[in-house]
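Student: here are the coordinates; sequence isn't available:
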């Protein structure tokens, strides 16, 4: 495992991946960023210590109906990646945290000081 933080962008469209990547790169230039748009991608990429930035409405080929279900399924297994939900909806954030996610943030908050600080916190290995 690398000492560099690794963020996996799960189920985001191209434009959202670009926005998330830019924010991460500006905040944490040393971070690795990869995209996952299918269950097969996730299986190939899964590493303990990774941070999965999971879209509320998954874009791609996933068995899960949405990001919250994917987080719930992730947390039902062995220790692995840490997940946060990317959603502007407070009720979805609450549901994701109840399913095992760490506190997330919305796309409309990407460049806020709180989100920048959150990304820095997520980059720290637990």
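Tutor: Great, that's in hand. This is a predicted model, so every value here is computed, not measured.
Student: contacting residues around the residue nearest to the spatial centre of the chain?
Tutor: Nearest residue to the geometric centre of the chain (C-alpha atoms, centre = their mean): residue 53, 0.9 Å. Residues in contact with residue 53 (C-beta atoms under 8 Å, 6 or more residues apart in numbering) are 7, 8, 9, 10, 12, 20, 84, 86, 104. Quick note: C-beta positions are derived from backbone N, CA and C, even for glycine.
Student: that's a strand at it, yeah?
Tutor: Yes: counting by DSSP: H, G, I helix; E, B strand; the rest coil, residue 53 is part of a strand.
Student: Verify the contact between residue 5 and residue 123 for me.
Tutor: Yes: Residue 5 is within contact range of residue 123, at 3.7 Å (criterion: C-beta atoms under 8 Å).
Student: where do the strands sit along this structure?
Tutor: Taking DSSP state E to define them, one finds strands in the chain at 6-10, 32-36, 51-55, 82-86, 102-105.
Student: Name the strands paired with the fourth one and say parallel or antiparallel.
Tutor: Strand partners for strand 82-86, identified by DSSP bridges, are recorded as strand 51-55 (parallel), strand 102-105 (parallel).
Student: Next: the second one.
Tutor: In the sheet containing strand 32-36, its partner strands are strand 6-10 (parallel), by DSSP bridges.
Student: beta partners for residue 9?
Tutor: Counting by DSSP bridges, residue 9 is bridged to residue 35, residue 53.
Student: just to revisit the earlier point, so between residue 5 and residue 123, which is more surrounded?
Tutor: Set side by side, residue 5 and residue 123 show more neighbours around residue 5, with 20 against 17, by other C-beta atoms under 10 Å.
Student: could you measure the more buried one against residue 21, distance?
Tutor: Residue 5 sits 13 Å away from residue 21, going by C-beta to C-beta, to the nearest Å.
Student: and for residue 5 and residue 123, which residues touch both?
Tutor: With C-beta under 8 Å, 6+ apart as the test, residue 5 and residue 123 both reach 28, 31, 51.
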